[in-house]
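Chemist: fold the following and give me the result.
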Amino acid sequence: MVCSLCECIPDSHDHLFFGCSFARGVWDRLKDLACIDLSTPNIYDIIGSLLPIVKKRTSKSVCAKLVVAATAYFIWQERNWRLFKKGKRSTDQLVECVKASVRLKLLSCKLKKSSDGERMARLWDLPEAIFI
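Modeler: Residues are numbered from 1 along each chain as shown. Reported below is the predicted structural model:
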């Protein structure tokens with residue numbers, strides 16, 4: 001079975017999330033918002049980027065974990081929509097879904113007023129009221 005996103009390569013988890021040109025386009029647009037340095041989006045680079053911050057509760061770590069989780073979720077959802085519902089969204093539309101989902105979650109958080117917190121607030125267009 002061929003990948004329903006790029007329609008070029010056989011479908012597999014590794015290809016779907018990290019090898020697919022469609023998914024790579026999504027990761028490339030979101031990695032800066034997550035403050036993750038990914039030259040090539042693959043599971044090992046993503047885990048390597050998250051390991052040093054995974055247990056921290058900084059605004060940067062929370063944001064990075066939210067972006068990774070939401071991106072994987074929406075890529076999987078897009079795959080299923082294309083396979084079972086015959087719907088099709090563009091990379092831009094998928095990126096906007098991820099951004100909206102992460103932003104909504106961030107709006108429910110309270111961030112420390114720090115340089116990282118202020119940077120995240122600017123990146124995600126968050127109001128001043130989220131700071132404690």
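
Chemist: C-alpha only now, for contacts and for neighbours.
Modeler: Fine.

Chemist: rounded mean pLDDT for the helix ranked longest in the chain, please.
Modeler: The longest helix of the chain (DSSP state H) is helix 59-80. Averaged across helix 59-80, the pLDDT comes to 90.

Chemist: now do the buried residues in that helix.
Modeler: For helix 59-80, the neighbour count (16 or more other Cα atoms under 10 Å) marks 59-68, 70-72, 74-76, 78-79 as buried.

Chemist: helices and strands around the helix or strand bottoming out on mean pLDDT in the chain, which ones?
Modeler: Every helix and strand in the chain was compared by mean pLDDT, DSSP states H and E; the lowest is helix 43-50, with a mean of 76. Applying 3 or more Cα pairs under 8 Å, 6 or more residues apart in numbering; DSSP states H and E, we find helix 43-50 packed against helix 59-80.

Chemist: so what does the helix it packs on touch, helix or strand wise?
Modeler: When contacts are defined as 3+ Cα pairs under 8 Å, 6+ apart, helix 59-80 packs onto helix 21-30, helix 43-50, helix 91-107, helix 115-123.

Chemist: ok, residue 97 to residue 22 distance?
Modeler: Using Cα to Cα, to the nearest Å, one gets 15 Å for the distance from residue 97 to residue 22.

Chemist: these two: which is more packed in?
Modeler: residue 22 (19 against 15; other Cα atoms under 10 Å).

Chemist: need the pLDDT of the more buried one.
Modeler: pLDDT, read off for residue 22, is 94.

Chemist: please report how far it lies from residue 106.
Modeler: Applying Cα to Cα to residue 22 and residue 106 gives a distance of 26 Å.

Chemist: so where's the protein uncertain?
Modeler: Within the chain, the segments meeting pLDDT under 70 span 38-41.

Chemist: check contacts around the closest residue to residue 110 other than its chain neighbours.
Modeler: Leaving aside its sequence neighbours, residue 110 sits nearest to residue 130 (Cα to Cα, 6 or more residues apart in numbering; 5.0 Å). By Cα atoms under 8 Å, 6 or more residues apart in numbering, the contact set of residue 130 is 107-111.
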